[in-house]
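Novice: sequence plus predicted model, see below.
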Amino acid sequence: MTDAHSASAAVTPADLDVLAGQLGRPPRGVVDIAARCVCGRPLVVRTAPRLEDGTPFPTTFYLTAPEVVRAVSTLEADGVMREMTERLAGDEELAAAYAGAHEDYLARRAELGEVPEIDGISAGGMPTRVKCLHVLVAHSLAVGPGVNPLGDEALERLRPHWRPDRCSCTTDDGAAR
């Protein structure tokens, strides 16, 4: 599988415009673009651990592209989070790898600054449960395969609906690109 991850890239004014269209609101706390679609549009942003208004924000990697957000929502609706959480409880190797993903997430957020209110809290339910597949997929897209096992698995499960090696972006008016 071709992955969408790349070295973090500076945010341009055009990126901010695309993000506002993707999110339906102005983006907040964007530090850089952590992953892009093959067409160049943002897929994942890296967000500051403290927003401009002072609010602590633990979600360092935020999935933005509506097409993949919808696809991940389908997995969530199909009960994938519950199934993954159950597997975590009985699979020590998976649990250890997922704990490692939690530590990776915390380390990458710490590069952006320390926020005592969210110290030790990553996102997505890590390290003991699966609470948000969007975060896990964003983490995997941002850092590449082999870091977050459940994010990687969710990406594989998305293949019938969305793939990082194919553009499925729409324009701001909803038309396919």
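Specialist: The structure has been received and is ready for your questions.

Novice: can you give me the helices in this structure?
Specialist: Along the chain, the stretches classed as helices by DSSP state H are 13-23, 66-77, 80-90, 92-110, 133-143, 149-158.

Novice: what residues does the first one touch?
Specialist: Outside of helix 13-23, the residues within contact range by CB atoms under 8 Å, 6 or more residues apart in numbering are 26-27, 30, 33, 41-42, 45, 64-66, 172. In this view, the C-beta of every residue, glycine as well, is placed from N, C-alpha and C.

Novice: and the second one, by the same measure?
Specialist: Contacting residues not belonging to helix 66-77 are listed as 22, 43, 63, 81, 132-134, 137, 154, 157-158, 161-162, 168-170 [CB under 8 Å, 6+ apart].

Novice: go with 7 Å
Specialist: For helix 66-77, contacts defined as CB atoms under 7 Å, 6 or more residues apart in numbering pick out 22, 43, 63, 133-134, 137, 154, 157-158, 161-162, 168-170.

Novice: got a markdown table for those residues, with distance to residue 109 and neighbour count too?
Specialist: Shown next, in a markdown table, are the contacts of helix 66-77 (distance: CB to CB, whole Å; neighbours: other CB atoms under 10 Å):
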| residue | distance to residue 109 | neighbour count |
| --- | --- | --- |
| 22 | 22 | 22 |
| 43 | 19 | 26 |
| 63 | 16 | 26 |
| 133 | 19 | 27 |
| 134 | 16 | 24 |
| 137 | 17 | 32 |
| 154 | 20 | 23 |
| 157 | 26 | 17 |
| 158 | 24 | 18 |
| 161 | 29 | 15 |
| 162 | 26 | 18 |
| 168 | 28 | 19 |
| 169 | 27 | 19 |
| 170 | 30 | 16 |
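
Novice: quick one: which of the helices of the chain is nearest residue 37?
Specialist: helix 66-77 (8.7 Å; CB to CB).

Novice: please tell me how far the residue lying farthest from the centre of the chain sits from residue 115.
Specialist: Most distant from the centre of the chain: residue 90, at 25.3 Å, with distances by CA atoms, centre = their mean. Distance, residue 90 to residue 115, using CB to CB, to the nearest Å: 34 Å.
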